[in-house]
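[1] Okay, sequence plus prediction incoming.
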Amino acid sequence: MAYANSDDRSARATKIVIAGGFGVGKTTMVGSVSEIAPLRTEELITEASEGVDDLSGVEQKRTTTVALDFGRITISPELILYLFGTPGQDRFWFMWDELARGAIGAVVLADTRRLDSCFAAVDFFERRNLPFVVGVNCFDNSYRYGTEEVRGALDLDDHVPVLLCDARERESTKQVLIALLQHAMAEARLAGTAS
Amino acid sequence: MTATDEEWFDEAAGPLVRPYAMTGGRTRSDTLGLDLITLVVAMQSVTDVDVEPEYAGILSACQHPTSVVEVAAKVDLPLQVVKVLLSDLISQRLIIFRSPAAPGAEPPSQHVLQAVLDGIRKL
Ligand SMILES: Nc1nc2c(ncn2[C@@H]2O[C@H](COP(=O)(O)OP(=O)(O)O)[C@@H](O)[C@H]2O)c(=O)[nH]1
Ligand SMILES: [Mg+2]
């Protein structure tokens, strides 16, 4: 019997989205804190139906797939946290919609050598009103921008946390996630008092 | 799945055609609102039921509560196909599911946020 343990029945899951341009360190960040090696799954997109919901005759249509990386942290027997790296291709917005729906928030990873590659992500989360923090992933050999320079370049609101990080380091990733949680809680309190 | 469905499949067409055909024309709205992180769990061990191999693969991937996205990664099929196969098994009561902590567009509660914050601090 699959259900030996009654805790199993009450388990729920929640998620955080890790976004940013190709090669910025999303999968690395997921892997640095995940209890499993990052897994990968594919979503199917038929040519005729980007964003449309029909799989009929999919075998005849030209299809592409979009890959999704994710990791897991068991917070408690009742709560599992999933970390999702966004698909690299920004045109798969419908996938981003599903990722963002009901999420705690997002980490936008930025590489100072090409800050423009995270504009789309910042824009998306701002429009969705999803709490996000910006993690400036410090690659070797790259000029070390200050967090305020990055804030200015990305035109971020004052309340959006910006942190320097190293996505390869578990401690560093933890600090980014803690900043996101604190930010999300502050935003939720604000929303609560406003309504 | 009935025997007549089976005649349909062309085994030579490769491993993906068959699961696509099994989902035959069904849409996202048919998948019971399954989300990436909906947790699913098998109510029976695979050895106790007689089902098509694709379904058996899914049942063995969720002998313990497992998210939809993890099931998809384990059976190595596209998410959308897995959601349809899962919803078949749910309708047959071979699997039950539990919605995410924040189903729909609502953000997670302060309670969930606090629990996650505490959990990450302890990592
Ligand atoms: N120096 C340095 N390299 C990193 C860092 N994060 C990721 N990398 C490397 O950058 C490459 C791309 O990272 P990956 O996580 O695959 O990027 P993704 O495309 O955003 O998922 C890999 O070779 C990583 O080892 C970092 O913080 N510092
Ligand atoms: Mg990646």
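    Everything's here; your move. Numbering: from 1, shown residues only, chains lettered A, B, ... in the order given. Ligands and ions are numbered 1, 2, ... in the order given.

[2] Tell me where chain B has strands.
    Taking DSSP state E as the criterion, chain B contains strands spanning B:39-42, B:66-67, B:95-98.

[3] so does stretch A:95-112 get close to ligand 1?
    No: under the criterion of C-beta under 6 Å from any ligand atom, stretch A:95-112 makes no contact with ligand 1; the nearest approach is 6.6 Å. C-beta: built from backbone N, CA, C; applies to glycine.

[4] Report the contact partners of A:A184.
    Under the criterion of C-beta atoms under 8 Å, 6 or more residues apart in numbering or on different chains, the neighbours of A:A184 are A:I104, A:G105, A:P131, B:P107, B:L113.

[5] So what's the residue count around the first one?
    A:I104 is surrounded by 26 other residues when neighbours are defined as other C-beta atoms under 10 Å in any protein chain shown.

[6] From ligand 2, how far off is it?
    The gap separating A:I104 from ligand 2 is 20 Å, by C-beta to the ion, to the nearest Å.

[7] Need the phi and psi values for A:T112.
    phi -70, psi -20 (degrees, to the nearest 10).

[8] Would you mind listing where chain B has pLDDT under the threshold?
    B:1-20, B:24-30 (pLDDT under 70).

[9] Taking it, what residue is nearest to ligand 1?
    Nearest to ligand 1, among the residues of chain B, is B:A73, at 15.9 Å (C-beta to the nearest ligand atom).

[10] How about the biggest strand by length in chain A and chain B, any contact?
    Across chain A, the strand with the greatest residue count (assigned by DSSP E) is strand A:63-76. Yes: remark: strand A:63-76 sits within contact range of chain B at A:T65, A:L68, A:F70, A:R72, A:I73, A:I75, A:S76, by C-beta under 8 Å from any C-beta of the partner chain.

[11] Excluding covalently adjacent residues, which one is nearest to A:D166?
    If the residues on either side of it in the chain are set aside, A:D166 comes closest to A:S172, at 4.6 Å by C-beta to C-beta, 6 or more residues apart in numbering or on different chains.

[12] how about the host helix or strand of the one you found, does it reach ligand 1?
    Following DSSP states H and E, one finds A:S172 within helix A:170-194. No: counting by C-beta under 6 Å from any ligand atom, ligand 1 is not contacted by helix A:170-194; separation bottoms out at 7.9 Å.

[13] From the chain's centroid, how far away is that helix?
    Centroid separation between helix A:170-194 and its chain, computed with C-alpha atoms, centre = their mean, to the nearest Å, is 14 Å.
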